[in-house]
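S.K.: Model the structure of this input:
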Amino acid sequence: MRVLGVDTATRRATVAVVEDDLVLAEVTVDSSSHTTAILPLIDAVLQEGGCGIESVEAIAVSAGPGSFTGLRVGLSVAQGIACATGAQVVPISTLEALAHAAPMAGGAVCPLLDARMGEVYAACFERAGTEWRTHLEARLLTPERLVTTLPAPCTILGDAVVRYGTFLTERLGHGATVLPWPEYGPRASIVARLALARLRSGIAAAGRGLEPFYVRAPDAQAQIR
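M.R.: Residues are numbered from 1 along each chain as shown. The predicted model follows:
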């Protein structure tokens, strides 16, 4: 099965095309405007992978949490392509995909995204052989609250380490390994492979009307309330 992976949840736009377990092509760039960057990236990846959009059977898209606009762009493009080609759309948790970018090691993995306003989007997973267990569901936390919930040892990665990496290191000490951003950032090939695994296990793709998983209400909605 050929799967197109798209992740625009952060300032990094990443697109990949995967066939079964083989990554045919992957491109990752820092982008100030995913709206203008995403379609040329998809074209470039498909050309590098030697395949046309009509041959893509499923589109895996990072569905949140993350940037409000970035998530909207990714899901809109995925659903637009699916509408034109008949491909399935498979939403993947942004934090779950980011956790899989951590090196294989023991202990927990905490993907962390900067939610601004002094908060982070966080989750925590633990590897058990080839399986992953959820230790902490995706949620919005202050860094101060986060450090009271993480198990040790714990590997932390994501764009929030740029702002809070020093704080986390000081508070968690040797119990935490903070990985640098963007070296350990989102990868669309991981998003695509997670979607492929779900389709193989019989989990159905999303229907129409797929919405981003924001965790926090968009700023505009929060102001109305």
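S.K.: For the most centrally placed residue in the chain, grab phi and psi.
M.R.: When the chain is reduced to its mean C-alpha position, the closest residue under CA atoms, centre = their mean turns out to be residue 94, at 2.7 Å. Dihedral pair for residue 94: phi -60, psi -40, per degrees, to the nearest 10.
S.K.: Give me the next element, helix or strand, following the longest helix along the chain.
M.R.: Looking across the chain with DSSP state H, the single longest helix is helix 68-85. From helix 68-85 onward toward the C-terminus, using DSSP states H and E, the following helix or strand is strand 88-92.
S.K.: so where is the protein shaky, pLDDT-wise?
M.R.: Along the chain, segments meeting pLDDT under 70 span 207-208, 217-225.
S.K.: quick one: the helices in it?
M.R.: Using DSSP H, helices in the chain cover 34-49, 68-85, 94-99, 143-146, 160-172, 188-200, 219-224.
S.K.: deepest of those helices, which one?
M.R.: Across the helices of the chain, averaging neighbours per residue (mean count of other CB atoms under 10 Å) puts helix 94-99 on top, at a mean of 28. The way it works is simple: take the backbone N, C-alpha and C, and place the C-beta from them, glycine included.
S.K.: Against which helices or strands is it packed?
M.R.: strand 108-116, strand 119-128, strand 131-141, helix 188-200 (3 or more CB pairs under 8 Å, 6 or more residues apart in numbering; DSSP states H and E).
S.K.: contacting residues around the last one?
M.R.: Right, the one you point to is helix 188-200. With contacts defined as CB atoms under 8 Å, 6 or more residues apart in numbering, helix 188-200 is touched by 1, 3-7, 14-18, 20-21, 23, 26, 28, 58, 60-62, 88, 90, 92, 96-97, 100-101, 205.
S.K.: buried subset of those residues?
M.R.: 3-7, 14-18, 23, 26, 28, 58, 60-62, 88, 90, 92, 96-97, 100-101, 205 (16 or more other CB atoms under 10 Å).
S.K.: Enumerate every residue touching residue 101.
M.R.: Here residue 101 is in contact with 157, 184-187, 190 (criterion: CB under 8 Å, 6+ apart).
S.K.: can you pick the most crowded of those?
M.R.: Taking other CB atoms under 10 Å as the neighbour criterion, residue 186 ranks highest of those with 27 neighbours.
S.K.: Distance check, it against residue 175.
M.R.: Distance of residue 186 to residue 175, given as CB to CB, to the nearest Å: 25 Å.
S.K.: follow-up on the earlier one: mind putting the helices of the chain in JSON lines, distance to residue 136 included?
M.R.: Converted to JSON lines, the helices of the chain look like this (distance: least, CB to CB, whole Å):
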{"stretch": "helix 34-49", "distance to residue 136": "28"}
{"stretch": "helix 68-85", "distance to residue 136": "21"}
{"stretch": "helix 94-99", "distance to residue 136": "10"}
{"stretch": "helix 143-146", "distance to residue 136": "9"}
{"stretch": "helix 160-172", "distance to residue 136": "15"}
{"stretch": "helix 188-200", "distance to residue 136": "18"}
{"stretch": "helix 219-224", "distance to residue 136": "24"}
